[in-house]
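*Asks:* let me see the structure of the following:
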Amino acid sequence: MSEQFIDQPKALRSSDAFDIQAVHDWLTNQGIELGNELPEVKQFSGGASNLTYHLKYPDAVKGGDLILRRPPAGHKAASAHDMKREFNVMKGLKPVYPFVPDMIAFCDDQTIIDCDFYVMERLHGIIPRNNFPRGMTLTPAENKNFSISVLDKLIDLHKVNYKAAGLDNLGKGEGYVKRQVDGWSGRYTKSKTWNVPSFNKTMDWLSRNQPDDVATCIIHNDYRMDNVVLDPQDPQNIIGVLDWEMATLGDPMMDLGSSLAYWVQSDDDWFLRQIRRQPTHLPGMLTRDEVVDYYCEKMGFDKSNWAFYEVFGLFRLAVIVQQIYYRYHHKQTDNKTFKNFWLIVQYINWRCAKIIKESGI
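*Replies:* All right, here's what the predicted structure looks like:
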């Protein structure tokens, strides 16, 4: 497989620029041998939260290919952009979950670039987004192996002994299902606009039918194909998992439900295929049912209550979409991409109602 498919950064946006000299001096003071020249700084696109930069040093002794992560401008120490937590999560996971990048250093000195940030190694690989990179094709058998590999890395994460890894304080743990149902219901109510459904029936159904936690483990909480890094020599093999800012201790079936809300397959209806964000539609990719069967067999979980987790994952996605649309609706952003997001919310409401009806619960 050609190196041309490796995910590459783009030109630095002026609005996201920072003091490169200050960061270079700080890194040098951490004892990192990076040479005398300043790095070339570019920026990775994608994502709507923390910003990701590529720092390429021309004459570093070693490790001159780095990634810097920082919050968006205007956010300082907000819980949703907690750089120290994200850094510590990955640093703690690395010894027991090798698909996390090596962490280099964390900075909470606000005088450097006016916010917390951290630096880590860059993983050279392919990141699948809506589609694989142009010109990259896999056979149906390779697509199947790839989708299984994606799932295996989630299973590996859910089997990590978080106590042995010293990550007991990552989240509240037990009672996760109830906290999530209550929390996402509240968020939807606060972000509702006149042109979207109330979701009252779905929220009531989730509240009445919520199961006890099946287990407590480390969950990624945003596990999608565009958060995995593929080996450029063998794209069926995953070499890294990214974006750990939402990781916590919680119910693994809830994590799977949230992940599968993004899993669009080839026989889905036209509307769902239009909003696809990962290449799960390709020939050979596991279907959602096959994912659930495979996962539950590997984890030893009962899948009889899957309808609850599926509806929760879709409802959670509806809230995320509606929160974005709320900003557009109230003119807090003029990004035209968000103009018709309310239609997605309407569609998800229909899907939730359909699954609830078919569940017979």
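
*Asks:* show me what contacts the closest residue in space to Tyr326 that isn't next to it in sequence?
*Replies:* Leaving out its chain neighbours, the residue that sits closest to Tyr326 by C-beta to C-beta, 6 or more residues apart in numbering is Ser191, at 4.3 Å. From N, CA and C alone the C-beta is placed, and that goes for glycine too. Under the criterion of C-beta atoms under 8 Å, 6 or more residues apart in numbering, the neighbours of Ser191 are Val319, Gln322, Gln323, Tyr325, Tyr326.

*Asks:* would you tell me what the next helix or strand after the helix or strand containing the second one is?
*Replies:* Here Gln322 is covered by helix 306-329, with elements defined by DSSP states H and E. Next in sequence after helix 306-329, counting helices and strands by DSSP H and E, comes helix 341-359.

*Asks:* next, the angle helix 306-329 makes with that following helix.
*Replies:* Counting by axes from the mean of the first three to the mean of the last three C-alpha atoms, to 10 degrees, helix 341-359 lies at 170 degrees to helix 306-329.

*Asks:* so which bits of helix 341-359 are buried?
*Replies:* Of all the residues in helix 341-359, those buried under the rule 16 or more other C-beta atoms under 10 Å are Phe341, Trp342, Ile344, Val345, Tyr347, Ile348, Asn349, Arg351, Cys352, Ala353, Ile355, Ile356.

*Asks:* swap in stretch 107-125?
*Replies:* For stretch 107-125, the neighbour count (16+ other C-beta under 10 Å) marks Cys107, Ile112, Ile113, Cys115, Asp116, Phe117, Tyr118, Val119, Met120, Arg122, Leu123, Gly125 as buried.

*Asks:* same check on stretch 310-326?
*Replies:* Neighbour counts over stretch 310-326 (16+ other C-beta under 10 Å) mark 310-322, 324-326 as buried.

*Asks:* for this protein, give me the ranges with low pLDDT.
*Replies:* Low-confidence segments of the chain, defined by pLDDT under 70: 1-2, 46-49, 59-63, 73-81.

*Asks:* for Asp182, pull up the helix or strand it's in.
*Replies:* helix 176-191.

*Asks:* in the helix or strand following that helix, what counts as buried?
*Replies:* Where DSSP H and E defines the elements, the next helix or strand beyond helix 176-191 is helix 200-209. For helix 200-209, burial by neighbour count (16+ other C-beta under 10 Å) applies to Thr202, Met203, Trp205, Leu206, Asn209.

*Asks:* pretty sure the third one sits against Lys357.
*Replies:* What that stands for is Trp205. No: using C-beta atoms under 8 Å, Trp205 is not in contact with Lys357, being 10.2 Å away.

*Asks:* and the angle from the helix holding Gln322 to helix 200-209?
*Replies:* Going by the same axes, to 10 degrees, helix 306-329 makes 140 degrees with helix 200-209.

*Asks:* ok so, going back, format the buried residues of helix 200-209 as a markdown table; extra columns: distance to Ala22.
*Replies:* What follows is the buried residues of helix 200-209, written out as a markdown table (distance: C-beta to C-beta, whole Å):
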| residue | distance to Ala22 |
| --- | --- |
| Thr202 | 49 |
| Met203 | 47 |
| Trp205 | 52 |
| Leu206 | 48 |
| Asn209 | 53 |
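
*Asks:* now do the end-to-end distance for stretch 222-229.
*Replies:* Using C-alpha to C-alpha, to the nearest Å, the end-to-end distance of stretch 222-229 comes to 14 Å.

*Asks:* hmm, who's touching that stretch?
*Replies:* The contact list for stretch 222-229, computed with C-beta under 8 Å, 6+ apart, reads 7, 46, 123, 125-129, 150, 153-154, 220, 238-243, 245-246, 255, 258-259, 262, 277-280.

*Asks:* and the residues you listed, which of them are buried?
*Replies:* By neighbour count, with 16+ other C-beta under 10 Å, the contacts of stretch 222-229 hold 7, 123, 125-128, 150, 153-154, 220, 238-243, 245, 255, 258-259, 262, 278-280 as buried.

*Asks:* how close does Ala22 sit to Asn340?
*Replies:* In this view, Ala22 and Asn340 are 42 Å apart by C-beta to C-beta, to the nearest Å.

*Asks:* cool, Tyr328 as well?
*Replies:* Plainly put, Tyr328 is 10 Å away from Asn340 if you go by C-beta to C-beta.

*Asks:* which one's more surrounded, these two?
*Replies:* Tyr328 (19 against 10; other C-beta atoms under 10 Å).

*Asks:* isn't the more buried one right next to Phe338, touching?
*Replies:* Yes: under the criterion of C-beta under 8 Å, Tyr328 makes contact with Phe338 at 3.9 Å.

*Asks:* tell me which stretches of the chain form helices.
*Replies:* 20-29, 83-93, 110-113, 140-158, 176-191, 200-209, 252-260, 270-274, 288-299, 306-329, 341-359 (DSSP state H).

*Asks:* how about residues contacting stretch 147-165?
*Replies:* 92-93, 95-97, 99, 168, 170, 215, 217-220, 223, 225, 228, 236-238, 241, 249, 252, 255-256, 259, 280, 284-286, 291, 294-295, 298-299.

*Asks:* buried subset of those?
*Replies:* Judged by 16+ other C-beta under 10 Å, buried ones among these: 92-93, 96-97, 99, 170, 217-220, 223, 225, 228, 236, 238, 241, 249, 252, 255-256, 259, 280, 285-286, 291, 294-295, 299.

*Asks:* residues in contact with stretch 333-343?
*Replies:* For stretch 333-343, using C-beta under 8 Å, 6+ apart, the contacting residues are Thr193, Asn195, Val196, Val321, Gln322, Ile324, Tyr325, Arg327, Tyr328, His329.
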